[in-house]
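# Curious how this folds, go ahead:
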Amino acid sequence: MGNSNTKKYHYAHRQYASQYSISDILGGQCVGTPRASCEELRPWSRFSRRSWSDNTLNNPLSLSKTAWPVPRFEAIFLPEFPVKETPLKNEYVFIDIISKGAYGRVYKVQKKETREVFALKIISKAQIVAENSIDQAKQEVSIQRAVGHHTFIANSPYHWQGRKTLYILTQFIGGGELFSLVEEYGCLSEDVVRIYIGEIALALDFLHNAGIIHRDLKASNILLDNEGHAMLIDFGLAKWLRPLQRTGTFCGTFEYMAPEIVKRQYYGHEADWWSLGVLACFLLTNQYPGKNITSDLLENEEYKAVSFGTLPESAESSLSPGAIDLLKRLLQPEPRLRIKSVLALQRIAFYMGHDIRSYTLKKVSPFQLLGKRIESTLTSLVDDFNDFDSFVGAGSTTRTWAQSTRSG
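Take a look at the predicted model:
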């Protein structure tokens with residue numbers, strides 16, 4: 001007699017994820033293969049048991065998910081800061097401390113393999129989390145990675161995280177800060193300022209066309225290479241912002257704030273061009289235009305009586321008509337009337353006979369015009385460094401003051 005039931009192999013009708021289109025897998029109408037049916041499928045592939053869900057597609061933090069469990073203190077900084085376990089001393093030789101800031105320190109380092117010199121910013125995770133600046137830190141590296149190939153923007157090729165710290169490796173720029181150059185020489189000549197404003201304007205124009213606003217343009221955020229050419233750094237307050245779009249975050253450096261930011265109005269890319277005007281005034285006169293904005297002035301709302309864009313008294317007698325025209329066009333209190341592109345800047349008298357876009361070739365050295373020489377050496381190498389992943393940034397802050405009053 002025996003059992004007459006036909007033995008059914010489970011794999012005879014098995015259907016793999018590869019047989020379906022993406023719409024099949026995500027729950028759409030079943031299309032494609034002849035064997036496809038509209039029956040509900042298992043919500044995971046045969047290779048992974050991680051379920052598909054709408055959150056995987058729509059959740060902005062979905063990219064931070066991994067196929068294996070990681071500590072939350074690491075996961076919140078993924079994927080912009082991948083986890084790296086190799087000790088720093090195995091890959092880099094530490095040379096010197098460049099600066100100290102609110103979130104950590106910047107070191108001059110040399111990569112052992114290639115002997116290239118870099119600037120390594122080491123940031124405390126705890127400080128970033130305490131100040132709710134996780135998104136800001138991730139946005140900073142994503143923006144700098146996207147625009148770092150520009151001639152006048154510092155490149156940031158690598159960034160990663162350790163147990164307690166974040167690491168951002170950027171190209172080393174050894175000519176010092178533009179602010180220090182003004183302190184050393186006082187007022188710079190119009191020929192030198194013409195180069196600097198042109199180079200920085202090219203960087204700003206590139207950022208704005210890429211949909212980015214910097215919001216912290218100032219002399220101390222401009223580094224100089226060994227020939228004296230400008231390099232824009234510090235994208236800590238930068239933000240993705242499309243042309244004609246507006247934001248409302250109250251942030252920046254007091255002296256460089258555009259009137260619309262001080263008045264707590266919505267603003268766009270024009271705010272960066274105001275900061276460029278303040279920088280031009282500082283380079284030409286070693287003074288800031290108008291009355292310095294302070295926290296006390298803002299709290300008492302005395303800024304409403306400030307006359308924005310007023311040039312220093314010495315400007316009228318010491319500057320050429322072309323330089324004064326440059327300052328007035330950049331320091332225009334009304335954003336819609338302000339210069340806000342390299343094309344508009346090229347048309348004014350200050351740049352008559354000078355092609356701004358030719359500055360990308362770096363034919364003329366600002367340091368050569370100033371008679372300044374930079375000695376590039378790698379002395380005072382420091383080999384005895386402790387575990388930098390145990391470092392927690394501390395100390396007084398010289399970083400930009402920022403306070404958010406609206407989302408942005």
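
# Nearest the geometric middle of this protein, what residue?
When the chain is reduced to its mean C-alpha position, the closest residue under C-alpha atoms, centre = their mean turns out to be Phe235, at 2.4 Å.

# tell me the SS of that residue?
Reducing the assignment to helix, strand or coil with DSSP: H, G, I helix; E, B strand; the rest coil, the entry for Phe235 is coil.

# My read is that it contacts Arg145, right?
No - the criterion here is C-beta atoms under 8 Å, and Phe235 misses it with Arg145 at 9.8 Å. To be clear about C-beta, it is placed using only N, CA and C from the backbone, and glycine gets the same treatment.

# Check the offset of stretch 258-277 from the chain's centre.
Using C-alpha atoms, centre = their mean, to the nearest Å, we find the averaged C-alpha position of stretch 258-277 to lie 18 Å away from the chain's own average C-alpha position.

# what do you get for stretch 335-351?
Centre to centre, stretch against its chain (C-alpha atoms, centre = their mean), the figure for stretch 335-351 is 24 Å.

# do the same with stretch 323-337
Relative to the chain's own centre, stretch 323-337 is displaced by 26 Å; criterion: C-alpha atoms, centre = their mean.

# outside of that stretch, which residues touch it?
Under the criterion C-beta atoms under 8 Å, 6 or more residues apart in numbering, residues 190, 193, 197, 258-260, 267-268, 270-271, 273-274, 276-278, 280-281, 284, 289, 308-309, 311, 315-316, 319, 338-339, 348-350 lie in contact with stretch 323-337.

# secondary structure class for Ala119?
Using three-state DSSP, the secondary structure recorded for Ala119 is strand.

# Contact partners for it?
Contact analysis of Ala119 by C-beta under 8 Å, 6+ apart lists 98, 106-109, 169-173.

# Between those residues, which sits nearest Leu78?
Here the nearest of the contacts of Ala119 to Leu78, counting by C-beta to C-beta, is Leu169; it sits at 17.7 Å.

# Got the domain ranges for this structure?
The domain map for the chain lists 75-171, 176-370, with the assignment taken from the TED database.

# Can you report how many residues lie near the residue nearest to Ile76 when sequence neighbours are not counted?
With C-beta to C-beta, 6 or more residues apart in numbering as the criterion, Ile76 has its nearest non-adjacent residue at 5.7 Å, and that residue is Ile134. Here the count is done by other C-beta atoms under 10 Å, and Ile134 has 14 residues near it.

# next one: Phe206
Neighbouring residues of Phe206 were enumerated by other C-beta under 10 Å; the total is 18.

# And for Thr285?
Other residues within reach of Thr285, judged by other C-beta under 10 Å, total 22.

# again, but for Ser314
As a measure of burial, Ser314 has 13 neighbours, counting by other C-beta under 10 Å.

# One more: the one 4 residues further on?
One way to gauge burial is a neighbour count; for Ser318, by other C-beta under 10 Å, it gives 13.

# these two touch, right, it and Leu188?
No - the pair formed by Ser318 and Leu188 falls short of the contact definition of C-beta under 8 Å, at 11.9 Å.

# Can you give me the buried ones in stretch 98-114?
Using 16 or more other C-beta atoms under 10 Å as the test for burial, stretch 98-114 gives 98, 101-110.

# May I have the longest helix along the chain exported as CSV, CA atoms only?
In the chain, assigned by DSSP state H, the helix with the most residues is helix 190-209. Output in CSV follows, covering the C-alpha atoms of helix 190-209 (Å, rounded to 0.1, in the frame of the first residue of the first chain):
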residue,chain,number,x,y,z
GLU,A,190,45.3,98.1,-2.8
ASP,A,191,47.2,95.8,-5.2
VAL,A,192,47.5,93.1,-2.5
VAL,A,193,43.9,93.6,-1.4
ARG,A,194,42.7,93.4,-5.0
ILE,A,195,44.2,89.9,-5.2
TYR,A,196,42.8,88.7,-1.8
ILE,A,197,39.3,90.0,-2.4
GLY,A,198,39.3,88.5,-5.9
GLU,A,199,40.5,85.1,-4.7
ILE,A,200,38.0,85.0,-1.8
ALA,A,201,35.2,86.2,-4.1
LEU,A,202,35.9,83.3,-6.5
ALA,A,203,35.6,80.9,-3.5
LEU,A,204,32.3,82.5,-2.4
ASP,A,205,30.9,82.5,-5.9
PHE,A,206,31.7,78.8,-6.2
LEU,A,207,30.1,77.9,-2.8
HIS,A,208,26.9,79.8,-3.6
ASN,A,209,26.6,78.2,-7.0
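
# Please export the C-alpha coordinates of the helix or strand Arg329 falls within as PDB.
Secondary structure here is read from DSSP states H and E; on that basis Arg329 sits in helix 321-330. What follows is helix 321-330, C-alpha atoms only, in PDB (Å, rounded to 0.1, in the frame of the first residue of the first chain):
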ATOM      1  CA  PRO A 321      38.000 106.300  -5.400                       C
ATOM      2  CA  GLY A 322      37.900 102.800  -6.800                       C
ATOM      3  CA  ALA A 323      38.600 101.200  -3.400                       C
ATOM      4  CA  ILE A 324      35.900 103.400  -1.800                       C
ATOM      5  CA  ASP A 325      33.400 102.400  -4.500                       C
ATOM      6  CA  LEU A 326      34.300  98.700  -3.800                       C
ATOM      7  CA  LEU A 327      33.500  99.100  -0.100                       C
ATOM      8  CA  LYS A 328      30.300 101.000  -0.600                       C
ATOM      9  CA  ARG A 329      29.000  98.400  -3.100                       C
ATOM     10  CA  LEU A 330      29.800  95.500  -0.800                       C
END
